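J.: sharing a model that was predicted from the sequence below.
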Amino acid sequence: MNHSRLEELISEASSFPPGLQKIEAFERAIAEAEAHGELDVAFRLRSDLIESAVFNGQGDRAIVAFAAYLKHADQNRATLNPRDLLWKYKWILNPMVELPQIPKAQILEMISDMGRRVEAAGYSQRPVFYKRWQMLTEMGDFEAAAVEMLKWRPALKDGLKDCEACETNFEVYFWAETRQNEKALEIARPILEGKLACAEVPQNTLANIIRPLMRLGRIDDAVKFAEKGYRLTSKNEEHLCEVSEFLLLATHTNALVRAKRIFSKHAIWALKTGCHFRRMRFNAVASAFLKKLAQGKMRDVSSDASETKNRKATSSVRLQLPSEHPLYRPDAKYDISELFAWYQNEAQKLTQQFDQRNGNRHATQSLKETHELAGVDHD
């Protein structure tokens, strides 16, 4: 075997910063290892790949890697720490629910399989209740989700539980999704006051409270939290949903310069992500932004501007879209109606797919509210 080539590929993967390049480098190293029968090496590399893909917006790649990872783990149980596998299992469920082609029944069976493995390893069922609560919430099955939340709350805490900050953040998300706005903000208080934090918090929470604040008319508070939240999320593709909430608020407040900047910078994330749920959320907000822009309801605002310049309705706009975009123009001048139609169509297609998978109209209702909060009609 050409060990030097494999070592070179592993070194290459390790040298890249988090992101798509690193993930692709891991995939090349895994293929090289397997081609030469180095299955244990491939297994370790898949472990790194799964973590990198899950936490950098490429969950579809993580799912593919996890299937092989799980098969190898089951064939080598005597040499594997079950806790490592169970943590990967917890991670992989999140991108699964973000792909509408994965049936609801399959996701719930995966959680049950994780539960059997958790029990066999001697751990509490707390993470099982937690993941089922999460997945059902994401699929808009709030009644069933609430049942799991009630099981989760008193369950024994052990080495498989998520950190307190993450668990609190998801509770904020649950209450926000069920439109119990005051409750969401109440639960978020220790995070907003800096008493709870982790690698994902407070940035996720700062996005999760945007809609509750908007629904309550607390726009100044929403703007304050959004400014901090955007600084914390704008460099990691995992945070496409969070960035979408900040674009929604900028659209609601008619902050043209800020909205254009967010839209232009992160449109590439929506094109590249393997998580269709995140793409749907971004495309929904983008369509609302473009529709409002076409109606002339947004205005130019900058930190050094001495006055506000109202815009008239216009048919074109200058935007710095990525060259990978299907409507990309080198002159950066776009027909707003054409852009709006593209984003609206993409959002609606994904919305229909998620509603079909989930067996309800949660995605459609979310799309409708996105337009309402942005200040435009939902067609």
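T.: Done, it's in. Quantities reported herein were computed from a predicted structural model and do not represent experimental measurements.
J.: helix/strand/coil for residue 331?
T.: Following DSSP: H, G, I helix; E, B strand; the rest coil, residue 331 is assigned to coil.
J.: can you check the pLDDT for it?
T.: Looking at residue 331, its pLDDT reads 96.
J.: burial measure for it, as a count.
T.: Residues lying near residue 331 (other C-beta atoms under 10 Å) number 6. (Glycine included, C-beta is placed from N, CA and C.)
J.: gap between it and residue 39?
T.: 52 Å (C-beta to C-beta, to the nearest Å).
J.: what's the burial count for the closest residue to residue 26 other than its chain neighbours?
T.: Spatial nearest neighbour of residue 26, chain neighbours left out: residue 49 (4.0 Å); criterion: C-beta to C-beta, 6 or more residues apart in numbering. Residue 49 has 27 neighbouring residues, counting by other C-beta under 10 Å.
J.: was I right to think residue 49 contacts residue 62?
T.: Yes - taking C-beta atoms under 8 Å as the definition, residue 49 is a contact partner of residue 62 at 7.2 Å.
J.: can you give me the helices for the stretch 1-150 of the chain?
T.: Counting by DSSP state H, counting those that start in this stretch, one finds helices in the stretch 1-150 of the chain at the ranges 3-15, 20-35, 39-54, 59-75, 82-97, 104-120, 126-138, 142-152.
J.: can you name the residues in contact with the fifth one?
T.: Contacts of helix 82-97 with the rest of the structure, by C-beta atoms under 8 Å, 6 or more residues apart in numbering, involve 47, 50-51, 53-54, 59-60, 62-63, 66, 69-70, 73, 102, 106-107, 110-111, 114, 117-118, 120-121, 123, 127, 131, 134-135, 138-139, 159-160, 162, 274-275, 277.
J.: how does the chain divide into domains?
T.: Domain segmentation of the chain under automatic domain parsing yields 1-80, 234-379.
J.: export those as JSON lines, with columns for distance to residue 97.
T.: Below are these laid out as JSON lines (distance: least, C-beta to C-beta, whole Å):
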{"stretch": "domain 1-80", "distance to residue 97": "9"}
{"stretch": "domain 234-379", "distance to residue 97": "7"}
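J.: wait, which of these is closest to residue 228?
T.: domain 234-379 (10.2 Å; C-beta to C-beta).
J.: so how far is that closest one off the chain centroid?
T.: Put simply, domain 234-379 sits 16 Å off its chain's centre (C-alpha atoms, centre = their mean, to the nearest Å).
J.: can you check stretch 113-129 too?
T.: Averaging C-alpha positions (C-alpha atoms, centre = their mean) puts stretch 113-129 25 Å from its chain's average.
J.: show me what counts as buried in that stretch.
T.: Under the neighbour-count criterion of 16 or more other C-beta atoms under 10 Å, stretch 113-129 has 114, 115, 117, 118, 123, 124, 125, 126, 127, 128, 129 buried.
J.: before we move on, the earlier item: give me the buried subset of the contacts of helix 82-97.
T.: 47, 50-51, 53-54, 59-60, 62-63, 66, 69-70, 73, 102, 107, 110-111, 114, 117-118, 123, 127, 131, 134-135, 138-139, 160, 162, 274-275, 277.
J.: wouldn't residue 171 be in contact with residue 185 here?
T.: No - using C-beta under 8 Å, residue 171 is not in contact with residue 185, being 11.7 Å away.
J.: which neighbours do residue 49 and residue 62 share?
T.: With C-beta under 8 Å, 6+ apart, residue 49 and residue 62 have no common neighbours.
J.: tell me, how many residues neighbour the residue nearest to residue 273 when sequence neighbours are not counted?
T.: The shortest distance from residue 273 to any non-neighbouring residue, by C-beta to C-beta, 6+ apart, is to residue 57 (4.9 Å). Counted by other C-beta under 10 Å, the residues lying close to residue 57 total 26.
J.: quick one: residue 57 from residue 232, how far?
T.: In terms of C-beta to C-beta, residue 57 sits 15 Å off from residue 232.
J.: can you pull out the strands in the stretch 151-300 of the chain?
T.: For the stretch 151-300 of the chain, applying DSSP state E, counting those that start in this stretch gives strands covering 299-300.
J.: number of residues surrounding residue 345?
T.: Counted with other C-beta under 10 Å, the neighbours of residue 345 add up to 12.
J.: who does whatever helix or strand it lives in touch, helix- and strand-wise?
T.: Secondary structure assignment for residue 345, by DSSP states H and E: helix 336-358. The elements that helix 336-358 packs onto, with contact taken as 3 or more C-beta pairs under 8 Å, 6 or more residues apart in numbering; DSSP states H and E, are helix 276-294, strand 316-318, helix 362-374.
J.: with just CA atoms, put the longest one into PDB.
T.: Which is helix 276-294. Output of helix 276-294 as PDB, limited to C-alpha atoms (Å, rounded to 0.1, in the frame of the first residue of the first chain):
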ATOM      1  CA  HIS A 276     -32.900  21.300   2.400                       C
ATOM      2  CA  PHE A 277     -34.600  22.700   5.500                       C
ATOM      3  CA  ARG A 278     -32.000  25.500   5.800                       C
ATOM      4  CA  ARG A 279     -32.300  26.200   2.100                       C
ATOM      5  CA  MET A 280     -36.000  26.400   2.400                       C
ATOM      6  CA  ARG A 281     -35.800  28.900   5.300                       C
ATOM      7  CA  PHE A 282     -33.300  31.100   3.500                       C
ATOM      8  CA  ASN A 283     -35.200  31.000   0.200                       C
ATOM      9  CA  ALA A 284     -38.500  31.900   1.900                       C
ATOM     10  CA  VAL A 285     -37.000  35.000   3.500                       C
ATOM     11  CA  ALA A 286     -35.100  35.900   0.400                       C
ATOM     12  CA  SER A 287     -38.400  35.800  -1.600                       C
ATOM     13  CA  ALA A 288     -40.000  38.200   0.900                       C
ATOM     14  CA  PHE A 289     -37.000  40.500   0.800                       C
ATOM     15  CA  LEU A 290     -37.100  40.700  -3.000                       C
ATOM     16  CA  LYS A 291     -40.800  41.200  -3.200                       C
ATOM     17  CA  LYS A 292     -40.600  44.100  -0.700                       C
ATOM     18  CA  LEU A 293     -37.700  45.500  -2.600                       C
ATOM     19  CA  ALA A 294     -39.600  45.400  -5.900                       C
END
